[in-house]
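Asker: Provide a 3D model corresponding to the input given below.
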Amino acid sequence: MAQRTETDAWFAGSSFLISLLRRANRSNTEALHVFLGRMGVVIPELLPDPGTGVELLSASERQLLLDALWKLIKTDLADVSTHLEASGITRQGFVSKGEQMPDSFAEIYAQLPDNAKSHRKPVIRDPSQPRSRHEVMRMWRRLQRKLEMQQR
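Answerer: Sure, this is the predicted structure:
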């Protein structure tokens with residue numbers, strides 16, 4: 001991404017790369033971790049809270065995330081493409097389902113192998129069963145954030 005670009009394209013690219021870093025933090029996708037390792041990026045140890053905006057993270061968490069983002073931004077797109085191919089990442093590993101990909105990554109995306117999986121029937125949780133620990137913790141963090149916002 002180390003090239004001259006318009007402001008809106010720069011922010012779209014930064015937002016995409018932040019979502020890539022946050023996805024790498026909460027998933028165990030080996031190819032994504034290999035790619036970021038080859039780029040020299042240390043994946044920040046953040047709480048895996050996908051619904052939280054960057055502005056709601058603590059200052060120390062934002063600093064870790066933006067430090068990792070800077071390493072990605074200052075790298076040339078040709079080097080990014082080389083590291084993506086060497087890591088074996090697929091299109092699905094690079095861009096999540098339903099995620100908007102900036103135009104600046106379209107050429108790189110087209111070169112990645114496609115490994116689409118068939119859709120599974122969504123699992124419907126039985127309301128009489130207790131919620132998982134992960135789900136309860138996610139709901140608890142969301143409630144804490146809401147209370148913090150009300151106190152401001």
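
Asker: Please enumerate the helices of this protein.
Answerer: Ranges of helices in the chain, per DSSP state H, are 7-26, 30-38, 59-73, 77-87, 91-94, 106-111, 133-151.

Asker: could you dump those helices to a markdown table with mean pLDDT and distance to residue 125?
Answerer: Where you see a C-beta, it was placed from the backbone N, CA and C, and this is true even at glycine. Putting the helices of the chain into a markdown table (pLDDT from 0 to 100; distance: least, CB to CB, whole Å) gives the following:
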| stretch | mean pLDDT | distance to residue 125 |
| --- | --- | --- |
| helix 7-26 | 86 | 20 |
| helix 30-38 | 88 | 28 |
| helix 59-73 | 88 | 30 |
| helix 77-87 | 86 | 35 |
| helix 91-94 | 84 | 25 |
| helix 106-111 | 84 | 34 |
| helix 133-151 | 92 | 9 |
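
Asker: Take those helices and lay them out in a markdown table including mean neighbour count.
Answerer: As requested, the helices of the chain are exported to a markdown table (neighbours: other CB atoms under 10 Å):
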| stretch | mean neighbour count |
| --- | --- |
| helix 7-26 | 17 |
| helix 30-38 | 17 |
| helix 59-73 | 16 |
| helix 77-87 | 16 |
| helix 91-94 | 18 |
| helix 106-111 | 12 |
| helix 133-151 | 11 |
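
Asker: Adding distance to residue 44, write these out as CSV.
Answerer: Listed next are the helices of the chain as CSV, based on distance: least, CB to CB, whole Å:
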stretch, distance to residue 44
helix 7-26, 6
helix 30-38, 11
helix 59-73, 4
helix 77-87, 19
helix 91-94, 19
helix 106-111, 23
helix 133-151, 17
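
Asker: do you know which of those lies nearest residue 120?
Answerer: Residue 120 lies closest, by CB to CB, to one member of the helices of the chain: helix 91-94, at 14.3 Å.

Asker: Distance from the closest one to the middle of the chain?
Answerer: 11 Å (CA atoms, centre = their mean, to the nearest Å).

Asker: For it, enumerate the helices and strands it packs against.
Answerer: With contacts taken as 3 or more CB pairs under 8 Å, 6 or more residues apart in numbering; DSSP states H and E, helix 91-94 sits against helix 30-38, helix 106-111.

Asker: Thanks a lot, see you next time.
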